[in-house]
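Asks: Below are the sequence and a predicted model for it; my questions follow.
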Amino acid sequence: MTTVVPIKGDIVTNDYGWLYDLFGDDYASPKSVSDLINKANGDDLSVEINSGGGILDAGSEIYTMLRAYKGPVNVNVVGVAYSAASLIAMAGDVVAMSPAGMMMIHNVSSGQMGDYHDMQNAADSLKKSNIAIANAYMAKTGLSQTEILDLMDSTYWLDPQTAIEKGFADKMMFDNAEKPGKMIMTASLNKIPSLATLNQMKHLRNTTALKRAPSDDDQMALLNAEYNLLNLKGE
């Protein structure tokens with residue numbers, strides 16, 4: 001059984017959840033996620049993300065809960081995963097992105113008031129926060145701290161192909177479907193039957209396994225498949 005964990009809308013701390021409930025707006029909070037995790041009880045989690053981000057503390061807590069989960073965690077970026085939402089995405093054992101999905105990583109920001117001492121302290125704090133967030137990206141991608149911090153510093157946007165290339169995602173959603181003309185790469189001295197021939201043989205085998213009497217068309221298809229197979233083997 002799979003439990004769906006939606007990360008939709010703003011990512012907020014538990015204190016603000018009631019406000020979003022009041023207006024019926026989508027949100028994700030540590031409590032909303034932990035409630036689903038507790039119900040899952042070790043079953044697979046499917047984390048579906050479409051969020052522009054939110055409060056860093058909440059995103060960090062959700063990321064940590066998902067990383068600590070004992071069962072499989074699959075992340076699907078069904079829309080966007082920006083800022084804190086991209087951090088949460090890094091908790092997935094497998095991260096898949098919609099072909100139309102996007103990710104974005106950037107420096108941590110805040111609204112700070114005070115004198116120059118306060119501003120300097122805030123700047124130092126933000127730099128430390130960047131390093132903390134970079135740890136999660138590093139763990140997923142294998143990139144160095146310098147590489148990650150440089151990407152964050154540039155406000156880096158990732159389409160699915162770039163996310164996969166950089167290691168932020170593992171695959172594109174729907175990409176495991178069999179496609180016409182799919183090429184099989186082989187390492188063999190003998191010729192290998194084409195995918196179409198193999199699938200044809202598989203279908204006929206299943207027909208026999210189901211003990212359905214093969215039709216004339218089935219018998220002809222079987223003969224053709226066997227003929228093609230023999231030709232490939234040079235017999």
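Replies: Thanks, I have the structure now.
Asks: Look up phi and psi at the closest residue to Ser109 other than its chain neighbours.
Replies: Leaving aside its sequence neighbours, Ser109 sits nearest to Leu126 (CB to CB, 6 or more residues apart in numbering; 7.1 Å). Any C-beta I mention is one placed from the backbone N, CA and C, and that applies to glycine too. When read as degrees, to the nearest 10, the backbone of Leu126 gives phi -70, psi -40.
Asks: go on, Ala96?
Replies: Reported as degrees, to the nearest 10, the phi and psi values for Ala96 are phi -120, psi 140.
Asks: what sits against it?
Replies: 74-77, 169-173 (CB atoms under 8 Å, 6 or more residues apart in numbering).
Asks: residues near the closest residue to it other than its chain neighbours, how many?
Replies: With sequence-adjacent residues excluded and distances taken as CB to CB, 6+ apart, Ala96 is closest to Met173, at 4.7 Å. Residues lying near Met173 (other CB atoms under 10 Å) number 16.
Asks: Which pLDDT value goes with Met173?
Replies: On pLDDT, Met173 comes in at 97.
Asks: Pretty sure it sits against Val94.
Replies: No - using CB atoms under 8 Å, Met173 is not in contact with Val94, being 10.8 Å away.
Asks: Pro46 in helix, strand or coil?
Replies: One correction, residue 46 is Ser, not Pro. Three-state call for Ser46 (DSSP: H, G, I helix; E, B strand; the rest coil): strand.
Asks: before we move on, the earlier item: what subset of the contacts of Ala96 is buried?
Replies: Buried members of the contacts of Ala96, counted by 16 or more other CB atoms under 10 Å: 74-77, 169-170, 172-173.
Asks: Max pairwise distance over the residues you listed: which two?
Replies: Spanning the widest gap among the buried ones among the contacts of Ala96 are Asn74 and Met172, at 13.9 Å by CB to CB.
Asks: one step back: closest to Phe23 out of the buried ones among the contacts of Ala96?
Replies: Val77 (25.3 Å).
Asks: Confirm the closest one sits in a strand?
Replies: Yes - assigned with three-state DSSP, Val77 falls within a strand.
Asks: any idea how far the nearest residue to Gly59 once chain neighbours are set aside lies from Ser154?
Replies: With CB to CB, 6+ apart as the criterion, Gly59 has its nearest non-adjacent residue at 3.1 Å, and that residue is Ala84. In this view, Ala84 and Ser154 are 18 Å apart by CB to CB, to the nearest Å.
Asks: Neighbour count: the two, which is higher?
Replies: Between Ala84 and Ser154, counted using other CB under 10 Å, Ala84 has the larger neighbour count: 27 against 11.
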